[in-house]
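Participant: What would the 3D arrangement of this be:
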Amino acid sequence: MSDVSRLPVGLALVSRRTGSFTTLAHGAAALLSLVALGSALWAGLDERGIALAFGLLIALGELTRWSGAKERESAPLGAAGALSYALLGEQAGQPTHHGVLQVVAVVAAAALLGCVPHVARGQGPTADHLTRRILTVGFAAVCFQPLYNQGRLHEWGGPAYAVLLVALLVLTALCDAVLAAAMAHSRTRWPFGPLLRDELRAMLGIGSAVCATGAVMSLAVAVVGLWALPVFSLPLLLTQLSFRRYAAVRVTYRQTIASLARATEIAGYTPAGHARRVAALSAAVGRELGLSEPELTVLESAALMHDIGQLSLVDPVPAGATSVLSADEQRRIALLGGAVVRQTGVDAEVAVVVERQADPYQEQPVTARIVRAVNAYEEMAREAGPGGPLTALEKLRLGTARDYQPEVVESLARVLSRMGGAARERLG
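Facilitator: Residues are numbered from 1 along each chain as shown. Take a look at the predicted model:
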C-alpha cells in the first residue's frame, strides 16, 4: 500500500498524537482538580448557596455546549459562569470568603457533571476542553482571590474595581489562548506563532462575549445578589444560539463544496477520493507554512474543487492526471474550473485559486501554490508504484525552477515524513 493511500490514516494518527506539553497540562489539571475536590470534601464549602448557584450555572453551560463543534469555546455560558465565580468578591454587598481551591472544586465538579449526557451520547468534550477550563479558571482565581481575601482590594471601588476585573479577564483570556496554542503545537507540531494568532483572533468573537458576561455577572452579583445570574445569562445564550446557526451555515457550505467536488469522481474524470486526499494534505501543508484559519478555509475549498474544470473535457484525462498535460491545456482547464466555481456562489477567493493553478508559481497566491504541488504529488505518487512517494517528491524538487515553490515542496516533504511514520506505527 502506497503512502498516498495511507494519507487519511496518517492524518488521523497525527491528529491523535499527544505531545509532552499536552500530557503535562492534562496532568496538572487533573492534579489540581483532585486536590481542590479533596479539600472541599475535607473542609466543606464556604457560602454553599453561592457555590451551588454558580455550580448549576456552569453545569447548565456544559449541558448546552455545542456537541461535536469545532469552535474554540463550545460552552460560552459555562466559561462565563466559571470566570465570574473566580472573580467574585461580594454577594449583595456582603464579602465572600471562598478561596482558590473552592473555585476550582466547584468548576471541576460542575463541568464534569454537565459533560455526563454528552459522554453518554458519545459526544463528550475532549480532555483539552476540560484542561483549559480548569487551568484558566485556576489562574484567574489565583490572581484575584488571595488579594481580595487579604483585604488588598477593598480600597478599590467603582470604576477602578470594574477596570481591575476586566484587566484580569483579558489576562486570563490571553493565558487561555497561549495554553490552547501550546497544546495544539505539542499535539500536531504545527507552527506555534500562527496557532497563537488564530487563538487571539478568535478572542474577538465569542471570547469577547464570554469575558464581558463574566465581568458583568461578577459586578452584578456583588450588588444585587444571585438573581443577577439568570438575568445576565440570557444575552449570552442568545449569542450562543446565533453562533450555532452561523456554524450550521458553515457546515452546510462545506458539505455543498464537498458534493460539488465529487462530481468529477462520479463522472469518471478523477479517481475516487482524489479531491479529498488533496484537500487533506493541502490543509496539512498550509498549517506547516503557518496559514491563518481564513486562508486554510479557502485552501481546503479550492483543493476540493481544483479538478472541476475537467467536466468540460469531451475525453477524460487518463486517471485525471492533469499535471502531465501541456501548459496551455492545464491553463484552459483551470480557467474553466474557476468559471464554474464562480457560478456556484462559492467565495471568489476559491475561484481565484482554482483558475491560477497553471500559472508559474511566482505569479500564484500561496494557496494556489500549495494546491498545485499537492495535486501533482498525489498524481505522480499514484502512478509511480511502490516507490511513488519518493519518486514524486524528487520530480517536484526538479520542477521548483518554474512550477513548484521550493518552500511548499519542502513543507510537503516534512508533512509526509511525519504522516509516514504514523502510518507505519499503525500498520506495523
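Participant: Tally up the residues packed near residue 187, please.
Facilitator: For residue 187, the count of nearby residues is 18 (other CB atoms under 10 Å). Every residue, glycine included, has its C-beta placed from N, CA and C.
Participant: Pull out the CA atoms of the one helix or strand residue 382 maps to and give them to me as PDB.
Facilitator: Secondary structure assignment for residue 382, by DSSP states H and E: helix 366-383. Backbone C-alpha positions of helix 366-383 (Å, rounded to 0.1, in the frame of the first residue of the first chain) are rendered in PDB as follows:
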ATOM      1  CA  VAL A 366       0.400  30.800  -1.800                       C
ATOM      2  CA  THR A 367      -2.800  28.800  -1.600                       C
ATOM      3  CA  ALA A 368      -2.700  28.100  -5.300                       C
ATOM      4  CA  ARG A 369       1.000  27.000  -5.000                       C
ATOM      5  CA  ILE A 370       0.100  24.500  -2.300                       C
ATOM      6  CA  VAL A 371      -2.800  23.000  -4.200                       C
ATOM      7  CA  ARG A 372      -0.800  22.700  -7.400                       C
ATOM      8  CA  ALA A 373       2.200  21.000  -5.700                       C
ATOM      9  CA  VAL A 374       0.000  18.600  -3.600                       C
ATOM     10  CA  ASN A 375      -2.200  17.700  -6.600                       C
ATOM     11  CA  ALA A 376       0.900  16.900  -8.700                       C
ATOM     12  CA  TYR A 377       2.400  14.900  -5.800                       C
ATOM     13  CA  GLU A 378      -0.800  12.800  -5.400                       C
ATOM     14  CA  GLU A 379      -1.000  12.100  -9.200                       C
ATOM     15  CA  MET A 380       2.700  11.200  -9.500                       C
ATOM     16  CA  ALA A 381       2.800   9.100  -6.400                       C
ATOM     17  CA  ARG A 382      -0.300   7.100  -7.500                       C
ATOM     18  CA  GLU A 383       1.200   6.300 -10.900                       C
END
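Participant: quick one: least confident helix or strand in the protein?
Facilitator: helix 7-16 (a mean of 40; mean pLDDT, DSSP states H and E).
Participant: before we move on, the earlier item: name the helices or strands packed onto whichever helix or strand comes after the helix holding residue 382?
Facilitator: Heading C-terminal from helix 366-383, the first helix or strand you meet, by DSSP H and E, is helix 388-398. Contact here means 3 or more CB pairs under 8 Å, 6 or more residues apart in numbering; DSSP states H and E; on that basis helix 388-398 packs against helix 366-383, helix 406-427.
Participant: Single out the most deeply packed of those.
Facilitator: Here the criterion is mean neighbour count by mean count of other CB atoms under 10 Å, and of the helices and strands packed on helix 388-398 the winner is helix 366-383, at a mean of 25.
Participant: That one: how far from the chain's middle?
Facilitator: 25 Å (CA atoms, centre = their mean, to the nearest Å).
Participant: Could you do stretch 209-223 as well?
Facilitator: Taking CA atoms, centre = their mean, the mean C-alpha location of stretch 209-223 is offset from the chain mean by 27 Å.
Participant: Go ahead and produce CSV holding the CA coordinates of that stretch.
Facilitator: What follows is stretch 209-223, C-alpha atoms only, in CSV (Å, rounded to 0.1, in the frame of the first residue of the first chain):
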residue,chain,number,x,y,z
ALA,A,209,-18.8,38.0,24.8
VAL,A,210,-17.6,35.5,27.4
CYS,A,211,-15.2,37.9,29.1
ALA,A,212,-17.8,40.8,29.1
THR,A,213,-20.5,38.5,30.6
GLY,A,214,-18.1,37.2,33.2
ALA,A,215,-17.2,40.7,34.3
VAL,A,216,-20.8,41.9,34.3
MET,A,217,-22.0,38.8,36.3
SER,A,218,-19.4,39.3,39.0
LEU,A,219,-20.2,43.0,39.4
ALA,A,220,-24.0,42.5,39.3
VAL,A,221,-23.9,39.6,41.9
ALA,A,222,-21.9,41.9,44.2
VAL,A,223,-24.6,44.5,44.1
